[in-house]
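Trainee: What shape does this take:
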Amino acid sequence: MTTLLDIILVLVVAEAGLLAALRVRNNEASAITSDLAYLASGFFLMLAVRLAWTESSPVLPVLALVTLAGISHIFDIMRRFRKSA
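Mentor: This is a model prediction of the structure:
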């Protein structure tokens, strides 16, 4: 199962790079931060799940990743509400 998560994590990083390149090419570089915030929340959650599954590590690193996911999600939601207002 961790191999599948590793593949998904690599694909998310590749997607982020591709989106950033497309945004720059289309002169929409200001939208890169919202794209990255959207992707980062899911990325951090998947990383937390992977760490929880594979390591018998302390809870603190998993909580840190879940916190980063929450911060990214809040940032993404704030940017979406600012756009719609």
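
Trainee: so where do the strands sit in this structure?
Mentor: Counting by DSSP state E, the chain has no strands to list.

Trainee: Give me the residue ranges of it where confidence is low.
Mentor: 55, 57, 85 (pLDDT under 70).

Trainee: Show me the helices in it, by range?
Mentor: 2-25, 32-54, 59-84 (DSSP state H).

Trainee: relative to helix 32-54, how tilted is the last one?
Mentor: With axes from the mean of the first three to the mean of the last three C-alpha atoms, to 10 degrees defining the directions, helix 59-84 sits at 160 degrees from helix 32-54.

Trainee: give me every residue that touches the closest residue to Leu9 other than its chain neighbours.
Mentor: Once flanking residues are discounted, Leu9 sits nearest to Met46: 5.9 Å by C-beta to C-beta, 6 or more residues apart in numbering. Bear in mind the C-beta positions are built from the backbone N, C-alpha and C, glycine included. By C-beta atoms under 8 Å, 6 or more residues apart in numbering, the contact set of Met46 is Leu5, Ile8, Leu9, Val12.

Trainee: Spatially central residue for this protein, please.
Mentor: Centroid check for the chain by C-alpha atoms, centre = their mean gives Ala40 as the closest residue, at 1.3 Å.

Trainee: What's the local residue count around the closest residue to that residue other than its chain neighbours?
Mentor: Nearest residue to Ala40, sequence neighbours excluded (C-beta to C-beta, 6+ apart): Ser72, at 4.0 Å. Counted with other C-beta atoms under 10 Å, the neighbours of Ser72 add up to 20.
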